[in-house]
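S.K.: Quick check, what structure comes out for this input:
(one chain, ligands or ions: 3)
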Amino acid sequence: MTIKAPDLVVYDSDLTFSPKYPIYGDGITGTIKIYNSGTTKANSSKGQFYLNDGANNKIAISSILTIPALDVGSKYNLSSNLNLNGYHGHLNISFVVDIYNTIKEINENNNIATQILIINIPPIAIANPNQTIYPGYRAEFYDYESHDIDGEITKEIWYLGNKQIGFGNSTQYTFIQKGIYYVQLEVWDDMDAYNTTTTTVFVTIPPVAEAGADQYIKSGSWITLDGSGSYEPNGTIVKWSWDLKEFGNRTGRQISVFIPNPGIYTFRLIDVSTDILE
Ligand SMILES: [Ca+2]
Ligand SMILES: [Ca+2]
Ligand SMILES: [Ca+2]
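M.R.: Ligands and ions are numbered 1, 2, ... in the order given. Just a heads-up that it's a prediction; the model follows:
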């Protein structure tokens, strides 16, 4: 004797998600195919998507959805936004058809489909700090602290400009021309999500130190040293460092030194630095 009844059926393999490999924060749509494999028409019924948490609780992640009446042998594609805000990692998602059991079916045990959905958190790219070099010098780049909280960094790509690309944890590049260069680090995780960051290279002409002309003074008087003639092609000099031998080291654009005794004194302006050059 053939039982005359409908049979709503869903299959695990028909439960799909879009996007297929979502990253955290994406809107996610669930889709399920619902069949009537019974021998009579199925009346309209209700279905819902659930998240099965680790403690065996079913958390509703869609509204209650209406499935229209289905003729024998027909199927219905049902899609819904899934409310998965705050969840990530491997998620066990189910769809249940005829949730209120308003339809008496040939088989009541084939009304749930389950799939694993993985929501990936993208990696964070962190490169070395900005740096300043002179033309013709080599800048070095490091993947300082890039990380992926739910997986691993699997690939690092450096975009150095001029179509030059580097790979791996560190790379280097020689900059010939002065200018400002933006080097991009792109890091990928084991779920094929990526993140980028930029580190800047300032390629600057070195400042020129000018200590001023030789001076002749009487012993027992003050001499003024003036570094004002120093210049910096790309910026402003903010620090002047003097080596005054037995009179010590001093800093300042203009400094005065008391010379007690006759003699020849060589004072050197050993370094000038700008607001951009460390
Ligand atoms: Ca069924
Ligand atoms: Ca039922
Ligand atoms: Ca990840």
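S.K.: what does the stretch 101-250 of the chain have sitting close to ligand 3?
M.R.: Contacts of the stretch 101-250 of the chain with ligand 3, taken as Cβ under 5 Å from the ion, map to 120-121, 148, 150-151, 189. C-beta here means a position set from N, CA and C on the backbone, and glycine is covered the same way.
S.K.: Take those and keep only those in strands.
M.R.: The members of these that map onto strands under DSSP state E are Asp189.
S.K.: got the contact list for the residue of the chain found nearest ligand 1?
M.R.: Relative to ligand 1, the nearest point of the chain is Glu105 (4.1 Å; Cβ to the ion). For Glu105, the contact set (Cβ atoms under 8 Å, 6 or more residues apart in numbering) comprises 5-8, 38, 42, 98, 111.
S.K.: Please indicate which of those residues are buried?
M.R.: The neighbour-count test (16 or more other Cβ atoms under 10 Å) marks 6-8, 38, 42, 98, 111 as buried among these.
S.K.: give me the low-pLDDT residue ranges for the chain?
M.R.: For the chain, the stretches with pLDDT under 70 are 1, 234, 275-278.
S.K.: hmm, 80 instead?
M.R.: 1-2, 54, 162, 232-235, 272-278 (pLDDT under 80).
S.K.: Phe258 and Thr224 touch, don't they?
M.R.: No - at 11.0 Å, Phe258 does not count as touching Thr224 under the criterion of Cβ atoms under 8 Å.
S.K.: if we can go back for a sec, neighbour-wise, which of the residues of the stretch 101-250 of the chain next to ligand 3 leads?
M.R.: Neighbour counts for those (other Cβ atoms under 10 Å) peak at Asp189, which has 24 neighbours.
S.K.: quick one: buried residues of stretch 202-218?
M.R.: Judged by neighbour count using 16+ other Cβ under 10 Å, the buried positions of stretch 202-218 are 202-204, 207, 209, 211.
S.K.: same check, this time on stretch 161-171
M.R.: In stretch 161-171, counting by 16+ other Cβ under 10 Å, buried: 166, 171.
S.K.: got it, and stretch 135-155?
M.R.: Using 16+ other Cβ under 10 Å as the burial criterion, the residues of stretch 135-155 that qualify are 139, 141-143, 146, 148, 150-151, 153.
S.K.: mind putting those residues in JSON lines, distance to Thr266 included?
M.R.: As requested, those are exported to JSON lines (distance: Cβ to Cβ, whole Å):
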{"residue": "Ala139", "distance to Thr266": "36"}
{"residue": "Phe141", "distance to Thr266": "41"}
{"residue": "Tyr142", "distance to Thr266": "41"}
{"residue": "Asp143", "distance to Thr266": "47"}
{"residue": "Ser146", "distance to Thr266": "50"}
{"residue": "Asp148", "distance to Thr266": "58"}
{"residue": "Asp150", "distance to Thr266": "64"}
{"residue": "Gly151", "distance to Thr266": "62"}
{"residue": "Ile153", "distance to Thr266": "55"}
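S.K.: So which residues of the stretch 101-250 of the chain form strands?
M.R.: In the stretch 101-250 of the chain, the strands defined using DSSP state E, counting those that start in this stretch lie at 112-119, 131-133, 137-142, 153-161, 164-167, 170-175, 179-189, 194-203, 221-226, 237-243, 249-251.
S.K.: re the thing from before, what is the nearest of the buried ones among the contacts of Glu105 to Pro19?
M.R.: Pro19 lies nearest to Asn111 out of the buried ones among the contacts of Glu105, by Cβ to Cβ, at 26.7 Å.
S.K.: leaving aside the residues next to it on the chain, what's closest to the closest one?
M.R.: Val97 (4.8 Å; Cβ to Cβ, 6 or more residues apart in numbering).
S.K.: so what's the one you found bridging to?
M.R.: Counting by DSSP bridges, Val97 forms beta bridges with Gly47.
S.K.: interface residues of the stretch 1-150 of the chain facing ligand 1?
M.R.: Listed as neighbours of ligand 1 in the stretch 1-150 of the chain under the rule Cβ under 5 Å from the ion: 7-8, 105, 107, 110-111.
S.K.: so which helix or strand takes in Ile255?
M.R.: Following DSSP states H and E, one finds Ile255 within strand 254-259.
S.K.: The following helix or strand past that strand: partners in the sheet, and parallel or antiparallel?
M.R.: Downstream of strand 254-259, the first helix or strand assigned by DSSP H and E is strand 268-274. Here strand 268-274 is paired, per DSSP bridges, with strand 237-243 (antiparallel).
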